[in-house]
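>>> Below is the structure, and that's it, no one-letter string:
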């Protein structure tokens, strides 16, 4: 249970820290804060409200993230937890933290390099750097990898397959 003497800003900061530590179930080296999925945390009286945005509408991981948020916050002493799922503005890889991009690379997933170009008649994708050997001599094997937010690539230098987190 929360201590009565805690100020709302202190409780909000503590609730944010707990929510920010929840791991993404599909890429367990990333927190939802690393991913940019965690959008807001507020504390009003005895209720913590957490706002999250999925990487894709219909993302199957959101149910697990919601459950993990409720479990983590109630275990931290917050009596009531409400999780709001918002679709607008739409999530973008620009919301990922630099730490999250580094963790992806260390985990063997090529992080997104920035937003896709949304203007012009033909989108042009530059090379994706291999997270294992650093080579730019890579090619896409499949548009969808282990999850819909990743594509499957192969490095021609080290011959290793790897996921690439799509930029959008």
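Here it is on my side, so go on. The structure displayed is predicted, hence computed values, not measured ones.
>>> how about low-confidence regions in the chain?
Applying pLDDT under 70 to the chain flags the ranges 1-8, 114-126, 168.
>>> please redo it, this time with the cut-off set to 50
1-6, 117 (pLDDT under 50).
>>> show me the contacts for the most centrally placed residue in it.
Most central residue of the chain, judged by C-alpha distance to the mean C-alpha position with C-alpha atoms, centre = their mean, is residue 35 at 2.3 Å. With contacts defined as C-beta atoms under 8 Å, 6 or more residues apart in numbering, the neighbours of residue 35 are 24, 27, 55, 95, 96, 100. C-beta here means a position set from N, CA and C on the backbone, and glycine is covered the same way.
>>> what about 10 Å?
Taking C-beta atoms under 10 Å, 6 or more residues apart in numbering, we find residue 35 in contact with 23-24, 26-27, 52-55, 61, 65, 91, 93, 95-97, 100, 103-104, 149, 165.
>>> What is the burial count for the closest residue to residue 79 other than its chain neighbours?
Using C-beta to C-beta, 6 or more residues apart in numbering and skipping residues adjacent in sequence, the residue nearest residue 79 is residue 46, 5.0 Å away. Applying other C-beta atoms under 10 Å, we find 10 other residues in the vicinity of residue 46.
>>> What's the PyMOL syntax to select whichever of the contacts of residue 35 are buried?
In PyMOL syntax, the buried subset of the contacts of residue 35 is picked out as below (16 or more other C-beta atoms under 10 Å):
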select buried, resi 23+24+26+27+52+53+54+55+61+65+91+93+95+96+100+103+104+149+165
